[in-house]
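> Provided below for reference: sequence and predicted model.
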Amino acid sequence: MSASTGFVALSLCVLTVSDTRGPEQDSSGDYLVAALRDAGHALHARALLPDDRYRLRAQVSQWIADDAVDGILVTGGTGFTGRDSTPEALLPLLDKEMPGFGELFRALSFDEIGTSTLQSRAFAGLANGTFLFALPGSTSACRTAWEKIVRAQLDARTKPCNLATLRPRLRER
């Protein structure tokens, strides 16, 4: 079925960035994997890495070079303090930034966490034709981003427009 007329399952990667969590404590990564699968998408790969900008950049570079990957969901490392370095690691990889994502995410988060949302550096963009969403590390923040923004934008049926139909490989289906 074409991207313009029906659902198109995307191949997505999930990357958790944390210096303190192991696989057993990765509730945000677990949430994103379950949510993308519940929405009908496929998990292409999953990784958990410490907050090291070069390791993050290397992993995401590998995924964006893979034509089979449609998008990447990153959780963690977007804060304002400590070793948080996801923006510094991944923004240089983007061909196009999507400023509206971070703005909308922070506006929605204000209702949940008030002015603390100022400390979020969540962002999104396009790298080598692959969507990248960088979300905070909390499960509730991932839920807000997925349920109120990302899920609909990765669904080719969302009108009047969506990100899923912009992916060049998807237009060929």
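That came through, no problem.
> what is the neighbour count of residue 66?
By other Cβ atoms under 10 Å, the residues close to residue 66 number 15. (C-beta placed from N, C-alpha, C; glycine too.)
> mind checking the SS state of it?
Following DSSP: H, G, I helix; E, B strand; the rest coil, residue 66 is assigned to coil.
> so for it, what's the pLDDT?
Model confidence at residue 66, given as pLDDT, is 96.
> any idea which helix is longest in this protein?
Assignment by DSSP state H gives helix 99-113 as the longest helix of the chain.
> for whichever helix or strand comes after that one, which helices and strands make contact with it?
Going down the chain from helix 99-113, the next helix or strand is strand 123-127, by DSSP states H and E. Contacts defined by 3 or more Cβ pairs under 8 Å, 6 or more residues apart in numbering; DSSP states H and E place strand 123-127 against strand 96-97, helix 99-113, strand 130-135.
> name the strands paired with the first one and say parallel or antiparallel.
Taking DSSP bridges as the criterion, strand 96-97 pairs within the sheet with strand 123-127 (antiparallel).
> can you tell me what sits against the partner strand?
With contacts defined as Cβ atoms under 8 Å, 6 or more residues apart in numbering, strand 123-127 is touched by 60, 64, 78, 87, 91, 93-98, 101-102, 131-134.
> list the buried residues for it?
123-127 (16 or more other Cβ atoms under 10 Å).
> kindly report the same for stretch 24-40.
Quick answer for stretch 24-40 (16+ other Cβ under 10 Å): 26-33, 35-36, 39.
> got CSV for the residues you listed, with secondary structure too?
Below are the buried residues of stretch 24-40 laid out as CSV (three-state DSSP):
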residue, secondary structure
26, coil
27, helix
28, helix
29, helix
30, helix
31, helix
32, helix
33, helix
35, helix
36, helix
39, coil
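> can you tell me which of those residues is nearest residue 68?
Ranked by distance to residue 68 (Cβ to Cβ), those are led by residue 36 at 15.1 Å.
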